[in-house]
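**Q** Provide a 3D model corresponding to the input given below.
(one chain, ligands or ions: 2)
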Amino acid sequence: MNAAQVVENLKCRFPNEPEYIQAVSQVLPTIEEEYNKHPEFEKANLIERLCIPDRVIEFRVTWVDDKGQVQTNMGYRIQHNNVIGPYKGGIRFHKSVNLGILKFLAFEQTFKNSLTTLPMGGAKGGSDFSPRGKSDAEVMRFCQAFMNELYRHIGPDIDVPAGDIGVGGREIGYLFGQYKKLTHEWSGVLTGKGREFGGSLIRPEATGYGTVYFLLSMLSTRNIELAGKSVLISGSGNVAQYAAEKCIQLGAKVLTLSDSDGYIYDPDGIDREKLDYVMELKNIERGRIKEYADEYPNAVYHAGERPWGEKADIALPCATQNEINGDEAKTLVANGVIAVAEGANMPSTPEAIEAFQSAKILYAPGKASNAGGVSVSGLEMSQNSERLSWTAEDVDNRLKVIMKDIHDNCVKYGTESDGYINYEKGANVAGFMKVAKAMMAQGIV
Ligand SMILES: NC(=O)C1=CN([C@@H]2O[C@H](COP(=O)(O)OP(=O)(O)OC[C@H]3O[C@@H](n4cnc5c(N)ncnc54)[C@H](OP(=O)(O)O)[C@@H]3O)[C@@H](O)[C@H]2O)C=CC1
Ligand SMILES: O=C(O)CCC(=O)C(=O)O
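**A** Ligands and ions are numbered 1, 2, ... in the order given. Reported below is the predicted structural model:
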């Protein structure tokens, strides 16, 4: 394989999908050397078959708003690769959603799910519908309309969606209810379900907690403790909230949270009580993060900005893709950051990753550090299959073991000759090799 040539070819074939090309361009150079040790891969054109999704499903979603007006949105499901298990990955509802963004997410998900050690293939879906500013009834009608098409393409052994940006417990409940209505069957077809109907304990917490468990493993390679460290977190949704919760529990000082309008900086640190306020504000009242600064006057709200100019030991980007650019990464490094663990998917631009790696700080790509969410989704599938529910402690312990395994696999495949652990390379090679071996075993299909 000549990675640059493959990327060039994909760019020509998919010229309007910059995020997809970005994700592929980040991965291929890191696996090129390992790939080329296996001439049988090239003979089977494995790389193109791995980069291009198995199937892209695109549909119109029609729903009626509270004023009685008929609205249309686009709906998508990208079934990327199912060689190691049923397609699996979240659904994103956000106005920015398009085919290229979902293709990057589905590509990344395939590598991530391979890393989890569980039998799950990669997929992603979503819509350019944004729940922001919509009533509960509108969100319900939209979810039902979305499922009216999606249900034909999914199933507990076919494709198992879950949440992502804009899709939390409320949306999963409505999607699940409509699937059940249409198919006349109760099955574990979605994960992230409510606890009363087959959801797993610790699934809401899993992505944020998992990111911090991964961070702990990274820090331990340099004998650094998390307690007492200052942390910048972006986002204030599911992943950010539980990353903050775990940091607080372990004695770190969380200084920031954000949303798409700006960020808050709390010099006193966001403690348990303040985090409870944020959870109520975001999950129940569906308010904006700037209200935090009205509630806690020592905090400062920065409209239209991201938190990366603040000084801290650790950064956990937990909002969205490309939210740390090269200059922001250089500022973080100049301010003494020692570790960056991605809770979001592809939050660092290529220039930012380059800045972290050339400064030799600890840097974990999302496909490794945020894999806790899909891992516990996999555990939810297992619990649904055996008609049992495990305790929170049991699920949390399994999550810790999985995150440690992912970390150790990154170390195995990513340690460079000077001892620096290139977690990006490690995650890509480890994730790739499992999928590649399964693809080879299953023939040219
Ligand atoms: N949920 C999960 O289990 C997993 C999620 N992830 C990734 O984590 C990230 C966050 O997801 P999650 O917490 O679930 O989503 P939520 O919808 O719960 O929260 C998203 C947060 O990010 C902010 N945000 C969204 N888009 C932008 C943007 N364009 N610019 C700035 N801020 C933005 C939102 O602000 P606002 O309210 O203003 O939109 C909100 O605070 C995503 O990258 C997702 O793919 C990864 C693995 C699993
Ligand atoms: O839980 C899942 O199936 C998917 C979570 C997700 O979307 C992700 O890992 O990015």
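**Q** rest of the way, CA atoms for contacts and neighbours
**A** Will do.
**Q** Wait, His204 touches Gln241, no?
**A** Heads up, residue 204 is Pro, not His. No. Using Cα atoms under 8 Å, Pro204 is not in contact with Gln241, being 9.8 Å away.
**Q** what are the bridge partners for Gly262, then?
**A** Counting by DSSP bridges, Gly262 is bridged to Asp259, Ala303.
**Q** I'd guessed it sits against Val300; true?
**A** No. With contacts counted by Cα under 8 Å, Gly262 stays clear of Val300, the gap being 10.6 Å.
**Q** so what are the domain limits for this structure?
**A** According to automatic domain parsing, the chain comprises the domains 3-186, 205-366.
**Q** Would you tell me which of these gets closest to ligand 2?
**A** domain 3-186 (3.4 Å; Cα to the nearest ligand atom).
**Q** Now do the contacts for Ile52.
**A** His80 (Cα atoms under 8 Å, 6 or more residues apart in numbering).
**Q** Give me the pLDDT for it.
**A** pLDDT recorded at Ile52 is 98.
**Q** Give the buried residues for the longest strand along the chain.
**A** For the chain, the longest strand by residue count, based on DSSP state E, is strand 70-81. In terms of neighbour count (16 or more other Cα atoms under 10 Å), strand 70-81 has its buried residues at 73-81.
**Q** Can you say which helix or strand has whichever residue of the stretch 301-445 of the chain sits closest to ligand 2 in it?
**A** Among all residues of the stretch 301-445 of the chain, Val374 sits closest to ligand 2, at 3.5 Å; criterion: Cα to the nearest ligand atom. Here Val374 sits within helix 372-385, counting by DSSP states H and E.
**Q** Run the chain-centre distance for that helix.
**A** 15 Å (Cα atoms, centre = their mean, to the nearest Å).
**Q** show me the contacts for Gln321.
**A** Here Gln321 is in contact with 344-348 (Cα under 8 Å, 6+ apart).
**Q** could you pick out which of the residues you listed are near ligand 2?
**A** Contacts with ligand 2 within those, as defined by Cα under 6 Å from any ligand atom: none are present.
**Q** between the residues you listed, which has the most around it?
**A** Ala344 (29 neighbours; other Cα atoms under 10 Å).
**Q** I'd assumed Ala368 was in contact with that residue.
**A** No. With contact defined as Cα under 8 Å, Ala344 does not count as touching Ala368 (10.7 Å).
**Q** what angle do the longest helix along the chain and helix 372-385 make?
**A** Assignment by DSSP state H gives helix 392-414 as the longest helix of the chain. Counting by axes from the mean of the first three to the mean of the last three Cα atoms, to 10 degrees, helix 392-414 lies at 130 degrees to helix 372-385.
**Q** Among the contacts of Gln321, name the ones in helices.
**A** Among the contacts of Gln321, no member falls in helices (DSSP H).
**Q** Kindly reformat these as CSV containing distance to Cys318 and pLDDT.
**A** CSV is the format used below for those (distance: Cα to Cα, whole Å; pLDDT from 0 to 100):
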residue, distance to Cys318, pLDDT
Ala344, 4, 98
Asn345, 8, 98
Met346, 10, 98
Pro347, 8, 98
Ser348, 11, 98
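**Q** Appreciated, that's everything.
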